[in-house]
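Chemist: Got a predicted structure here, sequence first:
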Amino acid sequence: MPQGMAGPGAERTGRDDRLVERTLQVGLAIGLGLMLAGLLVDAGSGALDARPVRLGALGASMPLGTRLAALGVLALGLTPASRVVLLVMLWGRERDWRFVAVAGVVLAVLAAALFAGVG
Amino acid sequence: MLGIGVGAGFLGALVGIGGGVLVVPSLVLAFGVPMRVAIATSLVAVVATSTAAGSVYVGSGTANMRLGMTLEIATTLGGISGGILAARVPTGWLSGAFGALLALTAVLLVSRREPEPAPPGGEGARGRRGWESPGRLAGGYVSARGQVVPYVAARTPLGMLVSFAAGIASGLLGVGGGFLKVPAMALGMRVPFKVAAATSNFMIGVTAISSLFIYFARGDVVPALAAPVAIGIGGGALAGTAASHRIHPVVLRWVLGAVLAFVAVEMVLRAAGVTLG
C-alpha cells in the first residue's frame, strides 16, 4: 500500500469518520432518551404497560409512555440505517461509485425489511 | 429488567462477548419471557451497544466502513432470513439452538488465546489514526506501537458466505454474530484482528435492525421490556469497560464460561421439555 495514501486519505476519511460517529451518537441519544421518557411516564402513571407494539400500529391508541418507548425503539433502529444513507452521500461526494452501489444495495435490503414491517 | 441489561453489558464488556448471549437466557429462564419476545428485546439491546461501540471505533479510524458495508449485504439478507425463520420454527428448536450457541460461546471464552482487541477510542501513540482506501477493501490501522500498518482484505466471497450465516444467527437468536464475523475477517479475509473486531462492531447495528424490523412488525417487541434492558446494557458496558483493568480476565472467563455451560444445558433441556428446579 503506498504510504502516500495515508496522508490526504487519512485526513479526508477522518472528517467523514467523525460525521458518522456523531450521527450514530445523536441517534443513540434520541432513541435511548425516548425510551427513558417512556419509562418515566409509565412510572409516573403508576402502571407499567407491558404490551407488545407492532411496527405498523404505532399510530394506534396506546398509553403515552408505551408510545414514547416504542418510538425510541424505532429511532434506535433507524440510527444504523441513517449512517448507511450518510455513507451513500459521503462516498458519492468522493465519486467512489463502487461503494455507493454497495451501500445502495444495503439500503434497499433495509428498506424492504422496514416496509415489509409497516405494510 | 434494568439489572439484566446492566449485568449483561458489564460482563460482556469485561470478557469481550456480546450482551445478547446473556440477555436472552436471563429473560427466558429468570422471568419466563417468551423466547421470541426475549430475542426481539435482545436485538434492541444489541443495536444500542453496537451503535455506541461502533461510533467509537469509527471515530478512532479502526473500523473499515467499506469492508463492513460490503459484508452487510450478506448479513442483512441473513438477518431477514433469520427473522422470518424464527416465526416458523418451533420455540423448542430456538431454545435448543440457543443452548448450542451458549455452549460454543463458553468453549470460545475459555480457550481464547488471541490478543485482546485494544480498547476502542484513542488514536495511535503518536496521534496517528487508521484510514481506509477509496475504491477497494484496504486500509491501514494503528498498531500497539503506534505505527500505521497497511492491509488488504482477501477472499471476499468467503467473508460474504460466513457473514450470511452470522446474519441468520443474529436474526434467529437475537445475538450480534461477532463470534462468526471476527474470525471470518481475521482468519478468512486476512484482515488484522483489531480491524476485524472494530468492523464487526460497526456492522452489528445494521445486521440487527434487518431482523428487528421483522420482529417489530410481528408484534414481538415489548417496549416496556426493551427500554430498561437497552438503557441498562449501555450503562453496564461503560462500567465493565472502566472496571476491566481491575479484574483478572482469565479467572472471569472461566467463571462465566462455567455459568454459560450450565445455562446452555438448561436451555437444551428446556427444548426437550425438561425443566430444572
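Modeler: All right, it came through fine. Small disclaimer: the values here were computed from a predicted structure and weren't measured.
Chemist: Output the below-cut-off pLDDT ranges for the chain.
Modeler: Looking at chain A here, since you left the chain open. Scanning chain A for pLDDT under 70 picks out A:1-13, A:47-48, A:117-119.
Chemist: Chain B is the one I meant
Modeler: Low-confidence regions of chain B, defined by pLDDT under 70, span residues B:12-18, B:112-128, B:241-242, B:244-249, B:274-277.
Chemist: And the residue of the stretch 1-150 of chain B closest to chain A?
Modeler: As assessed by CB to the nearest CB, chain A sits closest to residue B:150 within the stretch 1-150 of chain B, at 3.4 Å. (C-beta placed from N, C-alpha, C; glycine too.)
Chemist: Report how many residues lie close to that residue.
Modeler: Residue B:150 sits with 16 neighbouring residues when counted by other CB atoms under 10 Å in any protein chain shown.
Chemist: next one: the one 10 residues further on
Modeler: Burial of residue B:160, expressed as a neighbour count using other CB under 10 Å, amounts to 18.
Chemist: Wait, it touches residue B:71, no?
Modeler: Yes. When contacts are counted by CB atoms under 8 Å, residue B:160 is listed as touching residue B:71 (6.4 Å).
Chemist: ok so, going back, just checking, the residue of the stretch 1-150 of chain B closest to chain A is part of a helix?
Modeler: No. Counting by DSSP: H, G, I helix; E, B strand; the rest coil, residue B:150 falls outside a helix, being strand.
Chemist: Touching, residue B:170 and residue B:180? I think so.
Modeler: No. The pair residue B:170 and residue B:180 does not pass the contact test of CB under 8 Å, sitting 9.2 Å apart.
Chemist: Look at the two and report which has more neighbours.
Modeler: Relative neighbour count places residue B:170 above the other of residue B:170 and residue B:180, with 34 against 22, counting by other CB under 10 Å.
Chemist: Quick check: closest non-adjacent residue to that one.
Modeler: Leaving aside its sequence neighbours, residue B:170 sits nearest to residue B:177 (CB to CB, 6 or more residues apart in numbering or on different chains; 4.3 Å).
Chemist: So which residue is smack in the middle of chain B?
Modeler: For chain B, the residue nearest the mean C-alpha position is residue B:176 (3.2 Å; CA atoms, centre = their mean).
Chemist: In contact with the nearest residue in space to residue B:271 that is not next to it in sequence, which residues are there?
Modeler: Using CB to CB, 6+ apart and skipping residues adjacent in sequence, the residue nearest residue B:271 is residue B:96, 3.5 Å away. By CB atoms under 8 Å, 6 or more residues apart in numbering or on different chains, residue B:96 lies in contact with B:267, B:268, B:271, B:272.
Chemist: what about the first one, how many residues close to it?
Modeler: Close neighbours of residue B:267, defined as other CB under 10 Å, add up to 24.
Chemist: Provide the secondary structure category for it.
Modeler: Classification of residue B:267 using three-state DSSP returns helix.
Chemist: That one contacts residue B:98, doesn't it?
Modeler: Yes. Using CB under 8 Å, residue B:267 is in contact with residue B:98, at 5.3 Å.
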